[in-house]
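S.K.: Sequence first, then the predicted structure, then my questions.
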Amino acid sequence: MNAAIRAITRKAIHEGFNVFGIERGYEGILNEEIKPLLRRDVGGIITTGGTYLKTARFPEFKNPQVQQEAYRILRQYDIDHLVVIGGDGSMAGAQALTNLGMSTITIPCTIDNDMGGTQYTIGFDTAVNTVVQCVGKIRDTSSAHERVAIVEVMGRHAGHIALQSGLACGAEIVLLPEHPLPLTEVCERLNETHRNGKTYSVIIVAEGAYNSYEVSDFIKANTYLDPSVTVLGYLQRGGAPSAMDAIMAARMSELAIDALLAGRDNRIIGYVDGALRALPYKESKEITYPIQEEQYELVSILSS
């Protein structure tokens with residue numbers, strides 16, 4: 001998110017805006033954690049992980065009265081436009097403020113890569129690269145000890161991280177919520193690979209597909225194998241952004257400010273087929289980009 005915060009701040013100042021940063025998201029609006037941002041305030045943050053402005057879950061923002069109060073505070077600070085950086089929940093909050101008369105725009109930022117209206121969300125590429133780096137180290141140990149390694153990755157109900165990292169690191173099996181492969185078939189595939197002389201395997205499990213320990217227990221009970229389990233968890237959320245994420249943050253931020261200048265607000269900045277566009281919120285919800293089936297099939301082809 002820091003790359004986007006930096007780009008939004010400097011592009012907006014370049015275009016003549018006064019910029020304010022709101023700490024801790026929607027909760028920060030209610031607590032009036034609102035401060036002016038100048039160019040130097042965002043210096044040096046482009047290569048750092050996390051978010052300079054902090055973040056916080058704030059389910060209370062679903063309450064219409066809370067939304068009204070947030071809108072009142074924003075207007076009290078003479079804020080004309082609100083740029084939201086986040087996932088589906090953040091965008092829903094932006095839409096609620098839009099319905100009250102606030103001009104908003106959303107930059108998609110979630111490692112899950114599962115937002116409507118865009119094929120790419122900031123943070124996804126960094127998370128995938130982190131998984132690939134971790135799996136590389138785990139594979140070294142699995143190879144030496146001739147074991148099956150189960151690696152659980154994030155993604156809620158979407159298997160984008162699991163699929164792309166599985167392709168990139170050469171996983172033997174990828175388990176996705178979109179493809180609930182029976183565990184009996186997982187065992188059959190493992191037995192086959194071992195019969196073919198492969199003494200170790202890597203299984204990538206999306207958190208929305210299975211509990212990794214349940215997968216491990218099933219394999220132990222139905223084969224002679226004794227898998228190891230690694231849950232990567234928050235490792236995937238940290239670290240410096242990849243070049244791809246830093247570049248996309250800059251480009252999306254530029255379009256966000258340009259869209260506001262042109263009066264094209266209340267939109268999400270989406271990336272589709274190599275091009276950026278500002279898509280109205282309502283339209284974005286109707287356009288989704290699931291995993292690519294041919295890539296899922298490719299994992300099996302390349303691992304056999």
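M.R.: Yep, it's here. Given the structure is predicted, the values throughout are model-derived calculations rather than measurements.

S.K.: ok, now which ones touch the residue nearest to T223 when sequence neighbours are not counted?
M.R.: In space, and not counting its chain neighbours, T223 is closest to C187: 5.2 Å by C-beta to C-beta, 6 or more residues apart in numbering. Using the backbone N, CA and C atoms, a C-beta is placed for each residue, glycine as well. Taking C-beta atoms under 8 Å, 6 or more residues apart in numbering, we find C187 in contact with F218, I219, N222, T223.

S.K.: Please apply the same query to A206.
M.R.: A206 neighbours (C-beta under 8 Å, 6+ apart): E152, V153, M154, G155, A158, G159, I161, A162, V174, L175, L176, P177.

S.K.: what ranges do the strands span in the protein?
M.R.: Using DSSP state E, the strands of the chain run over residues 19-22, 34-37, 81-86, 103-108, 148-153, 173-175, 201-206, 228-231, 267-272, 275-280.

S.K.: Switch those strands over to a markdown table; also include distance to Y71.
M.R.: Below are the strands of the chain laid out as a markdown table (distance: least, C-beta to C-beta, whole Å):
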| stretch | distance to Y71 |
| --- | --- |
| strand 19-22 | 13 |
| strand 34-37 | 14 |
| strand 81-86 | 10 |
| strand 103-108 | 11 |
| strand 148-153 | 38 |
| strand 173-175 | 43 |
| strand 201-206 | 37 |
| strand 228-231 | 40 |
| strand 267-272 | 19 |
| strand 275-280 | 20 |
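
S.K.: Just put the ones you listed in a markdown table and tack on distance to F124 and mean pLDDT.
M.R.: Below are those laid out as a markdown table (distance: least, C-beta to C-beta, whole Å; pLDDT from 0 to 100):
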| stretch | distance to F124 | mean pLDDT |
| --- | --- | --- |
| strand 19-22 | 24 | 98 |
| strand 34-37 | 26 | 97 |
| strand 81-86 | 13 | 98 |
| strand 103-108 | 9 | 98 |
| strand 148-153 | 12 | 96 |
| strand 173-175 | 16 | 96 |
| strand 201-206 | 14 | 95 |
| strand 228-231 | 19 | 96 |
| strand 267-272 | 10 | 97 |
| strand 275-280 | 15 | 97 |
